[in-house]
Structure formats: structure tokens, C-alpha cells
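> Could you work out the structure for the sequence below:
(2 chains)
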Amino acid sequence: MADVRPLLRSELLPPKTSARRHLISIADLAREDVERLLALSRTFARSLERDVKKLPTLRGRTVVNLFFEASTRTSSSFELAAKRLSADVMSVKSSGSAVEKGESLKDTLLTIGAYDPDVIVIRHAQIGAPHFAARFTDAHVVNAGDGKHQHPTQALLDLYTLDEELGGVDGLHVAIVGDVLHSRVARSNVQALVLMGARVTLVGPPPLIPRGIEAMGCQVSYDIRDIKEADVVYVLRMQRERMVEGANYVPSLREYTARWGVTPERLRPGQRVMHPGPMNRGVEIDPAVADAAESLVERQVRSGLVVRMAVLYDLLTQGPVEVKVAEIEEVA
Amino acid sequence: MPLQVMLFGRNGRKDSLAFENVRVLDPVHGIDEPLTVRVEGGVISALEPAGGSTEEGKVLAPAFVDPHVHLRTPGREDEEDMGSGTRAAAAGGYCAILAMPNTDPVVDSAAVLGALVEEATRVAEVPVGFLAAISKGQQGAELTEMIELAERGAAGFTDDGRPVVAPGLVRRALQYSAAAGRPIAVHCEEPTLSRGGHVHEGLVSAEIGFGGYPSVAESVMVGRDLALAAYEERPLHLLHLSARESVEELRRALEAGVPATAEATPHHLCLTDEAVRSLDPNVKMNPPLRAEEDRKALVEALRDGTIGAVATDHAPHARHEKEVPFEEAPFGVTGLETAFSALYTQLVEPGVVPLVTLLERLSAGPARIYGLEPPTIAVGAPANLVLLDLEAVWHVDEGGFKSKSANSWLLGSQLRGRVLQTVAAGKLVYSA
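Residues are numbered from 1 along each chain as shown, chains lettered A, B, ... in the order given. Model prediction:
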């Protein structure tokens, strides 16, 4: 039988003509893109050391934060990032909005789009919601988390944190521990870390490690003792809200914690620990680990602000990074 | 005594037509030669040697039979109705279609079936046969009154759209349907394995994060139902196979003499789960698109006859229901108007499946499964003909469908080979 390539829809569809840039998935980025965003983040970090932290660079631009899922870190840091850049920012949450009256995502987007925002930052429980925003509005779209799919600014802020704290990502060994199956953070981070030359091992209970995920360029282990070999241990939250009822991913949280919880005994001295938040202390992470000096959790939150400033700025300005950096430093 | 299977359509004129100097391809009688075919009063009256040169690319073949169509009637006439669904069938080259019973209400009583038969008799452009449910309300608990339903015209029984979960009920259905003289068709899906699944469980689902619907959710039920059919020595038809493991189960059963048949859809024969990277709800269907090795196994089974029929599983959905993120969208895609062209483009042109084989699997193959007379090109046979243009290139776009719905997996694609004319039950029902 002759070998025939299956028809792929992406090949069938006419190429997109839109020149608007979005940040929807780490898979859309090349190494240079990440390096440019990290360089911009460093520049913004320096600008934030000044007494007056506000920059006029995005004055007159409008950023809409559209959050259909609960968020503290991501929504607050996008809001502050936009404000630090002098953009007008409007935050819409699904609770208290027309979404509660049954408005479809399409109609909500058409409504928001009618205000001609420059950027829409969207978080939604459904995979592909940011693609919808790109399709139904003329804004640049930033994915702030779509279901189990992607959370690209989280991955970028994690890369930035590792870069700042450990002097680079290339050659690092990162163990990502826990509920990988339901984690957009894990998917984005595996792609980002592999893109930047790190080695990644996923560790967790077999039902929570997706079959075939090794194809993304990582290794898989079901043994918590393997985290000791890593330079960094990245702990994931048990996402009970995304689990199919009665699916028995783990027999109990008690057994999960006993077998896969990250405790001081399971770490090497000096091993760095990360967590995207919110943490379930005493479930996936021992409080002693969360509060230890080796924990980078608070550092991650700080990184979030400058990385999101960099993302907003990068999407709304053109040109090579040197020019952009010069522009930021000049106005700062 | 076996009941005559019934198809129901609008009684119309019986046309007199002539297809002069055309390449005639009839897989049933092994004809492949230039002929002139004459139809008088709806019946093929003469096959004459061609009197001149034939037009390049034109082929006259027995019209197609689709064993798996969702007409959405009764209940969702906004998505499809008897008229639009059968006009779509005509445009796809079909002379007969079988409608699935998972409507609202479910076709589980002679009263509901009778109303559909009456409606088809009034408005169906192309003759329609109806499958009735295996269980009342398709709830998987109580058998329907199969004998009465068969007498009223049911061509077979299925709970398609959902599996018959209890093996004891599948067994009873196989036993009792013997008295009704009709086959049982099963949608093979083990619900505790498919639950929460939106796409094939594999590399793509792992990477994107979609809930996985593994191949084994289908193949364990295929294996179970084939074992029951073997035990009861009763015919069993497997709907829309998608997985390599299911094909392997079927091959083993056929070698052991189990009276099983199977169908595959154009989308499972052409696409893999790579297509869901587009996040387009128009590539979301149940069973899901699977891996390349699964697709190859289906194509090979279609080629060698293990899978004897192409079925579109034509599943129209309202635009607003598909214009939502992937996971929220309902399963199902349309297929009646694109089946031949998609398979010609993807399987015949590259030389994977011979044209005559594809024509057989679109026509006589599905007809035999339900005991329908295979359409054929012979003097004295009712005229069920499709005129094809293999050279035609066409662009699939939303505005071009006869179906009320446009949730086609082929939107935006360019296909080769097109239906020019369809004659169903002696009447010219479509002209491009």
C-alpha cells in the first residue's frame, strides 16, 4: 500500500493574513523570541528599581483582562503590568457579567471587541478560548491560561526566574512533580524548558502522567526519589476542579501526599523548589518546603510582573530588541 | 420468511434519460467500458456500445448508498430535515440512505417510525430507510418491539450515538432480532474508558491537554460484541470503526466465520488526530480521529473488503453549537455531499485504493449489509446512477451545501472529482 500523508486541516485552510501578533502558546515561539522577551523583562526589572515606577510607553493603549476563571497572581500582575506601562486597563470577570446570563464566549468577545482594545488578556476553562479571541476581535491576544492547554506567561516567568537565580536554563535538570495531566503549566513549561535546552523529568502517579507525553522531549518517572537528581523541583497543584468525577486518578489525597508529596526529606540540601501557585500546603508541598530559603515561589510572583510588562510591550511595539531596550531605558 | 426491506421516498416521475458515450464502471457486474446507457420510465432499458469517443474523466457508476445518516428529524429540524437531508444525499451521488434513530423522540415505536415513513413518502428526494432503536429511548434497559418495527419498515436496529453498555442486552437484541429478520448495528464505546474524552488519546492529546478517548474504549466493545455475535450466530454490523485494534478484532472474527460487517467514515479514512491541533470543532466527532497507524489500518481494511462499506455518519449541527471552544462543541460532522470527492482525492488519485473498489464500498457494499438490492447497471434494473467528473476541481465552502448545516471537516479545502448527476429510483434527483 502506498504511503500517503493524511490530509491535515491546517494545510487545507488558507494561510492567515492577519499581521497581528499574539501570545497563545509556547509552541509558537522560537528561541530568539524567548530571549527577546527575557531581555525586555530584565530591562523592565531595572526600570522598576527607580522611585517612579510608571513608564509612559503604552500611554493611550487599552488592555482588557478577561478572566473567566479564578485568578489572583495572573490577573493582578497583568493589571499592574499594564498600569506600570501607562496603558488604560479594564478587568472583566465572568462572575457578575453577562456570562452568568448565558452569553456565549463569541458574544462576550464581540462585545469587548467593540471597544477596540489593543490587547485582550484572556483566561478561560476551555482549550482554544484565546484562539476565539483572536478570531472574533482585532486585538492582540495574550493567553493567561486556557483549560489544560497552555499558560505561556507562566512558563516565561519561570524561565526568567531560573535565569536570574541560577544563571541560565541551558543544561539545567528540572523535575516537574504531580498532576501533569490537568496542568497547562506543565505543558507550557515542558515546551519552554526543552526549547531553552533544559532536561525535564515528569514525576507523578501513572494516571496523572499523560500517555505519550515523552514525545514532547521529556522523561517520565513514577518514583518520587528521582526528584533528588534534579537541579530544580517544580511542584504542581493537584487540580481537583479539573478531574472527572469518579475517575480514580489517585485513591486518596492522603496516599498521594504520602507517595508524591514534596517534603524536606525528599529534597537534597540546596535544591531549588518552584510552584506556580496557588499551593495546597500539606498536599503536594510540605509547608516547610514552601517556606524554606530554597523556595523560589515568591520570586516567581515578582518575575510575573516584569515578564508580563515585557509581553504587553513586545506585542504592541515592533522592531529588534536593542531598539526596544534603548527606548525603555530612554523613557525610564 | 425474511421481510422485504423498505425504502421510502416521494413517488415522482420516472425519467427517460440517455448517457451517451460514457465510461461505465459497475463493480457488481465487473463492467468497465465505454457505453451508451438508456433509461426508459425509470428503468435501464439499453446498454449499447459507445458510438463515439468518451469524454475524459466522466464515469457513470451505480449510485451510492449511505448506511449511516443523521437526518435530525424529528426534533432538530433546524439542523436538517427530510427534504434538506435527502437533497444533500442527491448532491453526494446517493440513491438511498439509512437514517439513524437517535432523534427526539427516539425512533423506538411504530408510531414514531410511521410518522417518519409518511413524511419520507411525501418529501424525501432520495429513498430513505430507517433504523429503529435497540432499546426504548436508547436507555439501554428494555428492548423495543422489534417485530412490529420491522413490519412498519425498520431496516435494522441500533442505539447509535451511544453504546449498549450491558452485554446481556446486546445478547437479547441479537437473539430477538432473528425473529424480526433484521440486523443489529452497534456503536462500540466503553463509557468508563471514553468518559471525559474529546479526542484520541495519544501524542496530540498529551501535548494539547484534551481529555483522551483511547482506542481501547472502542476495541474492547468490538471484541465483546463480536464474541456475542459468534455465540448467537447472528449478523452484527459495526458502526464507524476508528481504531487499528478494532480492525484486528474484526479480522479475527471474520476468519472464524462470525457473520460480521463493518463501515468506516470518510473522515476516519482521510484524517488523523493531527487535525485537532487546529482546535476546530469541525474535526470533533465520536469516535475521534485517531493516529496514522489507525487510519492506515482502516484504509487497508476498506481496500481488502474487511470493512465493506463507507458510511458518512453525516451529523449536522447548528452553527452556533459548533462556534464554541472545542471541548464545548458537540461531536459530529457532515459528510453526504463530500464523501466521494474526499475519498477520490485522498485514496484513489494517489493510487492507494482502486476507483472500482471505492465505488463498490460506496454502493453495493453498504446495500448488502442491510439486505438492500445493490444498485447496478444492467438492462431491466431500476435506474440508480451517478455521473462523476473525475477531472473536476472544486473548493468546499460554507455556502455550497444543500444540507441545512455546514459543519464539514472539509471547509476551505480543494477536492478533485465531483458528482455531476444523480438518478435515484428512476428519477433524476441532482444535476450540478
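> Just give the nearest non-adjacent residue to B:Ala425, would you?
B:Pro127 (5.5 Å; CB to CB, 6 or more residues apart in numbering or on different chains). All C-beta atoms are positioned from the backbone trio N, CA, C, and that covers glycine.
> Now that neighbour. Its backbone dihedrals?
The phi/psi pair for B:Pro127 (degrees, to the nearest 10) reads phi -60, psi 140.
> And for it, the neighbour number?
B:Pro127: 25 surrounding residues under other CB atoms under 10 Å in any protein chain shown.
> Repeat that for B:Pro382.
With other CB under 10 Å as criterion, B:Pro382 counts 18.
> Could you check how far it is from B:Ala63?
Distance, B:Pro382 to B:Ala63, by CB to CB, to the nearest Å: 10 Å.
> quick one: contacts for the residue nearest to B:Ala425?
B:7-9, B:95-97, B:120, B:424-425 (CB atoms under 8 Å, 6 or more residues apart in numbering or on different chains).
> what do you get for A:Ile224?
For A:Ile224, the contacting residues are A:177, A:203, A:259-260, A:262, A:266, by CB under 8 Å, 6+ apart.
> What is the nearest of these to B:Gly305?
Comparing the contacts of A:Ile224 against B:Gly305 with CB to CB places A:Val203 closest, at 48.2 Å.
> And that closest one, how close does it get to A:Arg281?
According to CB to CB, A:Val203 stands 19 Å off from A:Arg281.
> name the element whichever residue of the stretch 51-200 of chain B sits closest to chain A belongs to?
Distances between the stretch 51-200 of chain B and chain A by CB to the nearest CB are smallest at B:Gly196, namely 3.9 Å. Using DSSP states H and E, B:Gly196 sits in no helix or strand.
> what pLDDT does A:Gly319 get?
At A:Gly319, the predicted lDDT confidence score is 71.
> number of nearby residues for it?
10.
> now do A:Gly282
For A:Gly282, using other CB under 10 Å, the count is 12.
> what's the closest non-adjacent residue to it?
A:Gly282 sits nearest to A:Thr257 (CB to CB, 6+ apart), 7.0 Å away.
> Same check on A:Ile328?
Using CB to CB, 6+ apart, the closest residue to A:Ile328 is A:Thr43 (5.0 Å).
> A:His140 now?
Closest to A:His140 by CB to CB, 6+ apart is A:Leu315, at 4.3 Å.
> Quick check on that neighbour: phi, psi?
Main-chain dihedrals, A:Leu315, degrees, to the nearest 10: phi -70, psi -30.
> Does it touch A:Ala134 like I think?
No: counting by CB atoms under 8 Å, A:Leu315 does not reach A:Ala134; the two are 11.9 Å apart.
> Find residues that contact each of these two.
Common neighbours of A:Leu315 and A:Ala134, using CB under 8 Å, 6+ apart, are A:His22.
> what about the strands in chain A?
For chain A, strands defined by DSSP state E occupy the ranges A:62-67, A:88-93, A:119-124, A:140-146, A:173-177, A:199-203, A:219-221, A:232-235, A:272-274.
> what would these look like in TSV with mean neighbour count, distance to B:Ala256 and mean pLDDT?
Output for the strands of chain A, formatted as TSV (neighbours: other CB atoms under 10 Å in any protein chain shown; distance: least, CB to CB, whole Å; pLDDT from 0 to 100):
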stretch	mean neighbour count	distance to B:Ala256	mean pLDDT
strand A:62-67	24	58	96
strand A:88-93	17	61	93
strand A:119-124	27	50	97
strand A:140-146	27	48	97
strand A:173-177	23	47	98
strand A:199-203	22	43	98
strand A:219-221	16	39	98
strand A:232-235	26	52	98
strand A:272-274	22	56	98
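> Dump those into JSON lines; add distance to B:Ser341 as well.
Shown next, in JSON lines, are the strands of chain A (distance: least, CB to CB, whole Å):
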{"stretch": "strand A:62-67", "distance to B:Ser341": "41"}
{"stretch": "strand A:88-93", "distance to B:Ser341": "45"}
{"stretch": "strand A:119-124", "distance to B:Ser341": "36"}
{"stretch": "strand A:140-146", "distance to B:Ser341": "34"}
{"stretch": "strand A:173-177", "distance to B:Ser341": "46"}
{"stretch": "strand A:199-203", "distance to B:Ser341": "43"}
{"stretch": "strand A:219-221", "distance to B:Ser341": "43"}
{"stretch": "strand A:232-235", "distance to B:Ser341": "49"}
{"stretch": "strand A:272-274", "distance to B:Ser341": "52"}
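> Around B:Val386, count how many other residues there are.
27.
> distance of the nearest residue to it once chain neighbours are set aside from B:Leu387?
Closest residue to B:Val386 apart from its sequence neighbours, by CB to CB, 6+ apart: B:Gly93 at 3.9 Å. Taking CB to CB as the criterion, B:Gly93 is separated from B:Leu387 by 9 Å.
> A:Lys228 now?
Taking CB to CB, one finds A:Lys228 at 72 Å from B:Leu387.
> Tell me which of those two has more neighbours.
Neighbours per residue, other CB under 10 Å: of A:Lys228 and B:Leu387, the larger number sits with B:Leu387, 24 against 12.
> can you give me the offset of the helix or strand hosting the more buried one from its chain's centre?
Using DSSP H and E, B:Leu387 sits within strand B:385-395. A distance of 20 Å separates the centroid of the chain from that of strand B:385-395, by CA atoms, centre = their mean, to the nearest Å.
> swap in stretch B:343-363?
15 Å.
> Now do the end-to-end distance for that stretch.
Stretch B:343-363 has an end-to-end distance of 14 Å (criterion: CA to CA, to the nearest Å).
> So which bits of it are buried?
Buried residues in stretch B:343-363, counting neighbours by 16 or more other CB atoms under 10 Å in any protein chain shown, are found at B:343-349, B:352-353, B:355-363.
> So for chain B, the centremost residue is which one?
Most central in chain B under CA atoms, centre = their mean is B:Ala311, positioned 2.2 Å from the mean C-alpha point.
> Hmm, it is touching B:Ala264, no?
Yes: with contact defined as CB under 8 Å, B:Ala311 reaches B:Ala264; the gap is 7.2 Å.
> anything in contact with each of the two?
B:His240.
> re the thing from before, residues near the residue nearest to B:Val386, how many?
Neighbour count for B:Gly93, taken as other CB under 10 Å: 32.
> Enumerate every residue touching it.
With contacts defined as CB under 8 Å, 6+ apart, B:Gly93 is in contact with B:63-64, B:340, B:362, B:386, B:388, B:419, B:422, B:430.
> Taking those, tell me the two that lie furthest apart.
Farthest apart among the contacts of B:Gly93 - using CB to CB - are B:Leu362 and B:Tyr430, which lie 15.3 Å from each other.
> and the residue nearest to A:Ile328, what is it in contact with?
Per CB under 8 Å, 6+ apart, neighbours of A:Thr43: A:310, A:324-325, A:328-329.
> Repeat that for A:Ala45.
With CB under 8 Å, 6+ apart, A:Ala45 has these contacts: A:Val306.
> how close does the closest residue in space to A:Val64 that isn't next to it in sequence get to A:Gly147?
Closest residue to A:Val64 in three dimensions, ignoring its sequence neighbours and counting by CB to CB, 6+ apart: A:Pro117, at 4.3 Å. With the distance defined as CB to CB, A:Pro117 ends up 23 Å from A:Gly147.
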